[in-house]
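Q: have a look at this prediction, sequence included:
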Amino acid sequence: DVKVTQSSRYLVKRTGEKVFLECVQDMDHENMFWYRQDPGLGLRLIYFSYDVKMKEKGDIPEGYSVSREKKERFSLILESASTNQTSMYLCASSAPGRSYEQYFGPGTRLTVT
Amino acid sequence: GENVEQHPSTLSVQEGDSAVIKCTYSDSASNYFPWYKQELGKRPQLIIDIRSNVGEKKDQRIAVTLNKTAKHFSLHITETQPEDSAVYFCAASKYDYKLSFGAGTTVTVRA
């Protein structure tokens, strides 16, 4: 059974702070993804990675960066948090050749004040 | 890039009735069309998917149809039950690339 975990369920940060969101999967998946979920906007892709040390921009990468030093871990970094980054952040992973079948983490509800 | 539009945004049905959600996509090269279900407070989960070489696929009470010419695909839920209440997302991708999701449909099944 695939398990994707995220470091925090709820997080409150102040404007301008550097924020780290971590995601870990235990199924040896090559592919990992970071989304943000906002009401009425669905799931929007921020960044994704197909291998260690590889990253590609998604649809809304501005204000974010990522790090993938190990296969099982994919981190999302908000360099200088802003109030418009208040959102639910979801991490996902998938096996190679099966990007349509993504396994999601429980999500992190980030509030930036 | 790919643009996926999903309708309706909300759907209320009487228990036992059918529910239909429709999506359109813009990139004719897209060839994978998964559907995800997200129950309240939970993570999205894949419930069914269809590939571009198939026109219809069924799994018990759910079915998906694909019209490649018109670039639209639909989710059909028959004999709806209270546990079908959730947000449903359609998505599209090509060549095992990233997924582009629709905005979601909130389905409420009335007892």
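A: Looks like it came in fine.
Q: please spell out which residues along stretch A:4-24 are buried.
A: By neighbour count, and taking 16 or more other Cβ atoms under 10 Å in any protein chain shown as the criterion, the buried residues in stretch A:4-24 are A:4, A:6, A:8, A:11, A:13, A:19, A:21-24. In short, each C-beta sits where N, CA and C put it, glycine included.
Q: then stretch B:90-103?
A: Taking 16+ other Cβ under 10 Å as the neighbour-count basis, stretch B:90-103 is seen to contain the buried residues B:90-94, B:96-103.
Q: which of these come close to chain A?
A: Restricting the buried residues of stretch B:90-103 to those adjacent to chain A (criterion: Cβ under 8 Å from any Cβ of the partner chain) gives B:91, B:93, B:96-103.
Q: B:Asn53: what's it in contact with?
A: Contact analysis of B:Asn53 by Cβ atoms under 8 Å, 6 or more residues apart in numbering or on different chains lists B:Asn31.
Q: got the residues of chain B near chain A?
A: Counting by Cβ under 8 Å from any Cβ, the residues of chain B near chain A are B:1, B:6, B:9, B:32-34, B:42-46, B:49, B:89, B:91, B:93, B:96-104.
Q: for B:Gly41, see how far away A:Phe74 is.
A: 23 Å (Cβ to Cβ, to the nearest Å).
Q: again with A:Leu11
A: Using Cβ to Cβ, one obtains 17 Å as the distance from A:Leu11 to B:Gly41.
Q: cool, and B:Pro8?
A: According to Cβ to Cβ, B:Pro8 and B:Gly41 sit 23 Å apart.
Q: who has more neighbours, those two?
A: Between B:Pro8 and B:Gly41, counted using other Cβ atoms under 10 Å in any protein chain shown, B:Pro8 has the larger neighbour count: 13 against 7.
Q: for that one, which non-adjacent residue is spatially closest?
A: In this structure, B:Pro8 finds its nearest non-sequential neighbour in B:Thr105, 6.1 Å apart by Cβ to Cβ, 6 or more residues apart in numbering or on different chains.
Q: what number of residues lie near that neighbour?
A: Using other Cβ under 10 Å, B:Thr105 is surrounded by 23 other residues.
Q: pretty sure it is touching B:Ser9, no?
A: Yes. Using Cβ atoms under 8 Å, B:Thr105 makes contact with B:Ser9 at a distance of 6.2 Å.
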